[in-house]
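> turn this into a structure:
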Amino acid sequence: MHTPTRAQIYFNTTRISGEPLKIAHQQALKSREVVKLIFQKFPIEMTSADVYNIGVDSGYKFPITSYRRAITGLVGDGYLEDTGKLKIGNYGVSNIVWKLKSKP
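Prediction:
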């Protein structure tokens, strides 16, 4: 199972700074909120491709990598969890299936 070690809003792999970094953080936060809303509205098991398709159909046209980053952040926040299942995604590749984390 995939479990991030810590939650991050934006993974600065390109080492940007200043205003571009501020904008990237804002966009990442927005994508995280969108993913959270999708799981609240549809509390079912979904892959990142499923979440992406729902988001795009709803008018949130973020790249799929933004949806994946948001899911990773929400797992780190303890909001989502890996089901241990895989499902074929948009490009014929196995995707992890996620769900809302069960409350203790």
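> give me phi/psi at Lys61?
phi -90, psi 60 (degrees, to the nearest 10).
> quick check: closest non-adjacent residue to Ser102.
Glu81 (7.4 Å; C-beta to C-beta, 6 or more residues apart in numbering). Bear in mind the C-beta positions are built from the backbone N, C-alpha and C, glycine included.
> who's in contact with the helix or strand that contains that neighbour?
In the assignment (DSSP states H and E), Glu81 maps to strand 80-88. When contacts are defined by C-beta atoms under 8 Å, 6 or more residues apart in numbering, strand 80-88 is touched by residues 1-3, 39, 45, 47, 50, 71, 74-75, 94-102.
> may I see the buried residues of that strand?
By neighbour count on 16 or more other C-beta atoms under 10 Å, the buried set for strand 80-88 is Leu80, Glu81.
> now the helices for the protein?
Secondary structure of the chain (DSSP state H): helices at 18-41, 48-57, 64-76.
> any chance of those in JSON lines with distance to Ile88 as columns?
Listed next are the helices of the chain as JSON lines, based on distance: least, C-beta to C-beta, whole Å:
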{"stretch": "helix 18-41", "distance to Ile88": "20"}
{"stretch": "helix 48-57", "distance to Ile88": "9"}
{"stretch": "helix 64-76", "distance to Ile88": "15"}
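> can you lay out these as CSV showing distance to Gly89 and mean neighbour count?
Below are these laid out as CSV (distance: least, C-beta to C-beta, whole Å; neighbours: other C-beta atoms under 10 Å):
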stretch, distance to Gly89, mean neighbour count
helix 18-41, 15, 15
helix 48-57, 4, 19
helix 64-76, 9, 21
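> roughly how far does the residue nearest to the spatial centre of the chain sit from Ile64?
Closest to where the C-alpha atoms of the chain average out (C-alpha atoms, centre = their mean) is Ile71, at 2.3 Å. In this view, Ile71 and Ile64 are 10 Å apart by C-beta to C-beta, to the nearest Å.
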